[in-house]
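> For reference, the sequence and a predicted model appear below.
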Amino acid sequence: MTAREEVLARIAAAHRTAPPPDLPYEALARDYRTTSDLDPAALAERLVDRLLDYKALVRRCTPAELPATLAAALAERGVRSLVVPAGLPDGWLAALPAELALHVDGPGAADQLGVTELDQCDGVLSACSVAVAETGTLVLDGSAGQGRRVVSLIPDYHLCVVRSAQVCADVPQAVRRLDLTRPTTMISGPSATSDIELNRVEGVHGPRTLEVVLVADA
């Protein structure tokens, strides 16, 4: 018997001893929390706390201040070439300097940037669908202004705009807001990993730097 066969045999024996309940999907217990005691301001504070703990950068502004805030963030990072997914609100880019090269990643295959082109850009600017306060997670679903998954993974700097109305308390609430038939990308801080000696390495699986602009809705 191979090791694989032995493992599968043990699993089968365990199932025979204590078979899982034969419940239809509709009968599964869903007694987890579906609401939060936190008001919108408290949810925003918790999201910011989690993002900072993950070593992400955070800026806060009003809707009117958003174009200038984005321009300032990009200038401070020294971004000279920027990827923008199709469908990004035009007003967001109003304060960007003329010398900043914009590369639009379109919805169709003919309009999409290649991996080499994405790698040569300094950063990407995107919107998001939902932000989870409890886990500090940003969720992108590939809709207008969010782009393909590869767009948010290859550039070394990701600048993401989150409206306060998009912040929810926890994952169950986020799932209810999302269309899970779409390609969903969940981002919890900048890309980082550690080897067996606990040496932290950043930028391996995605952007080395994540910066979030939290926009306070009226």
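Alright, I've got the coordinates. Residues are numbered from 1 along each chain as shown.

> which stretches of the chain form helices?
3-17, 40-53, 66-77, 115-120, 149-153, 171-177 (DSSP state H).

> in the third one, what counts as buried?
Which is helix 66-77. For helix 66-77, a neighbour-count test (16 or more other C-beta atoms under 10 Å) marks 66-67, 69-71, 73-74, 77 as buried. For glycine as for every other residue, the C-beta is placed from the backbone atoms N, C-alpha and C.

> if we can go back for a sec, so which of the helices of the chain is the most surrounded?
With neighbours taken as mean count of other C-beta atoms under 10 Å, those reach their highest mean count in helix 149-153, at a mean of 19.

> Average pLDDT for that one, rounded please.
Computed over helix 149-153, the mean pLDDT rounds to 92.

> got a list of contacts for it?
With contacts defined as C-beta atoms under 8 Å, 6 or more residues apart in numbering, helix 149-153 is touched by 83, 85, 105, 113, 115, 118, 124, 126, 140, 142, 146, 158, 183, 185, 187, 205-207.

> do the same with stretch 62-73
59, 61, 91-97, 125, 159, 161, 211, 213, 215-218.

> same deal with stretch 4-15?
Met1.

> what about dumping the CA coordinates of it to CSV?
The C-alpha trace of stretch 4-15 is given here as CSV (Å, rounded to 0.1, in the frame of the first residue of the first chain):
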residue,chain,number,x,y,z
ARG,A,4,-1.5,7.9,-0.5
GLU,A,5,-3.6,4.8,-0.3
GLU,A,6,-3.0,4.5,3.4
VAL,A,7,-4.1,8.1,4.0
LEU,A,8,-7.3,7.6,2.0
ALA,A,9,-8.0,4.3,3.7
ARG,A,10,-7.8,6.0,7.1
ILE,A,11,-10.1,8.8,6.0
ALA,A,12,-12.6,6.2,4.7
ALA,A,13,-12.4,4.3,8.0
ALA,A,14,-13.0,7.5,10.0
HIS,A,15,-16.1,8.3,7.8
